[in-house]
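[1] Any chance you could fold what I've pasted below:
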Amino acid sequence: MKMFELGQTGLKVSELCLGTMTYGTQTAEADAHRQIDLCLSNNINFIDTAEMYPVNPISAETVGRSEEIIGQWISANKNRRSDFILATKHSGKGLSHVRNGAPITKETIKDAIEGSLKRLKTDYIDLYQFHWPNRGSYMFRQNWKYDPSGQDKKSTLENMYECLIILQNQVDKGNIRHFGLSNESAWGTANWLKLSEQHNLPRVATIQNEYSLLCRLYDTDLAELSVNEGVGLMAFSPLAAGLLTGKYLDGNLPKNCRKSINRDLGGRDNIRSERAVRSYLKIAKEFGLDPIHLALAWCRTRPFMCSSIFGATTVDQLPVILESVDVELTQECIDLINETHKLNPLPF
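    Numbers count the residues shown, from 1 in each chain. As a prediction, the model looks like this:
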């Protein structure tokens, strides 16, 4: 298991991060606890969650349940809290089930953190992330119609500064250790960094954005920012919601799969992505690789990578994911991946 820097925090995290967004809907508590045990025993020291989880579906009845399930494990294993880095998120604007959809402001941060601490049954959060920018985001297929012209730069920067002051207060109290972003842009991240450096306030450690063989929006401006500023990518959906496993091809719909609940996989499943998946499966076959290993091992080669976040509906799915850490891609394989990407850019 390779370890990577968590931004400039001095912490080291495993190349794979256990994602928990199905804990409490598709994944029962007992299975979730087995997943945590298995991951820790295989040197994964990074767990990511959010106050809005679980998803599939999101509902008022289950919001916060993922954190509660992790909290039950922490409560039963108090001597193991220092064995892993725990990340969670402030949901931000628009999700009515979480604090009535309140945006990220100096007024909401304290309550959101305290709520997460209570559910997680822990004294501190290692990485506290802002799930969505208040001004909006081009992630989740919004890039096709993204228009930032309605943004108010002055109020955005004022909000950032005010939030950083509150985050510093939470660091001073020991409630959080470090700060990260999610679904962010290069402009947004650059300004968070600028304000933190100008005022000696918490510095962005990571950005959690979607990234996979099928979703490579990060490869240009954000890649440059990551490398030069020491802000690592936490890649979510590195298997493209399961598409890159090939399990959905030819109309297949495995029992209890994500697609049975979300039929287009959040806008990912279409004829273009199917064509791209078949191409990557062909590469995997040519090099004698499991498609899961191809996708995860490729993420590890990227110069800005901090960790790839995977999710498993059941613990039985974990062994093949864990085996990916032993796979090294040849330059020939990487070159073929890049050529395939040129032929299948932005399939969703």
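[2] for residue 266, what are its contacts?
    Going by Cβ atoms under 8 Å, 6 or more residues apart in numbering, residue 266 touches 140-141, 241. Just so you know, the C-beta spots here come from the backbone N, C-alpha and C atoms, and that holds for glycine as well.
[3] Need the pLDDT of it.
    We have a pLDDT of 95 for residue 266.
[4] which residues are contacting stretch 188-195?
    133, 135, 156-157, 160-161, 164, 181, 184, 201, 203-204, 207, 222, 225, 229, 231.
[5] what's the answer for stretch 30-37, then?
    18, 20, 23-24, 27, 47, 69-70, 72-73, 76, 312, 314-315, 318.
[6] re the thing from before, give the buried subset of the contacts of residue 266 as a ChimeraX selection command.
    In ChimeraX syntax, the buried subset of the contacts of residue 266 is picked out as below (16 or more other Cβ atoms under 10 Å):
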select :241
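[7] hmm, back to that, please list only the buried members of the contacts of stretch 30-37.
    Using 16+ other Cβ under 10 Å, the buried ones in the contacts of stretch 30-37 are 18, 20, 23-24, 27, 47, 69-70, 72-73, 312, 315, 318.
[8] Considering the contacts of stretch 30-37, which is situated nearest to residue 97?
    Of all those, residue 24 has the smallest distance to residue 97: 13.1 Å, by Cβ to Cβ.
[9] Could you tell me how far the closest one is located from residue 67?
    9 Å (Cβ to Cβ, to the nearest Å).
[10] for the chain, what spans make up the helices?
    Counting by DSSP state H, residue ranges of the helices within the chain are 29-41, 65-76, 109-120, 153-173, 186-199, 221-229, 271-286, 291-301, 318-322, 331-343.
[11] Alpha carbons of the first one, as PDB, please.
    Taking C-alpha atoms only, helix 29-41 is exported to PDB below (Å, rounded to 0.1, in the frame of the first residue of the first chain):
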ATOM      1  CA  GLU A  29     -24.300  -1.400   9.900                       C
ATOM      2  CA  ALA A  30     -22.800  -4.800  10.500                       C
ATOM      3  CA  ASP A  31     -21.400  -5.000   7.000                       C
ATOM      4  CA  ALA A  32     -20.000  -1.500   7.200                       C
ATOM      5  CA  HIS A  33     -18.200  -2.400  10.400                       C
ATOM      6  CA  ARG A  34     -16.600  -5.400   8.700                       C
ATOM      7  CA  GLN A  35     -15.500  -3.100   5.900                       C
ATOM      8  CA  ILE A  36     -13.700  -0.800   8.300                       C
ATOM      9  CA  ASP A  37     -12.000  -3.700  10.000                       C
ATOM     10  CA  LEU A  38     -10.900  -5.300   6.800                       C
ATOM     11  CA  CYS A  39      -9.600  -2.000   5.400                       C
ATOM     12  CA  LEU A  40      -7.600  -1.200   8.500                       C
ATOM     13  CA  SER A  41      -6.100  -4.600   8.600                       C
END
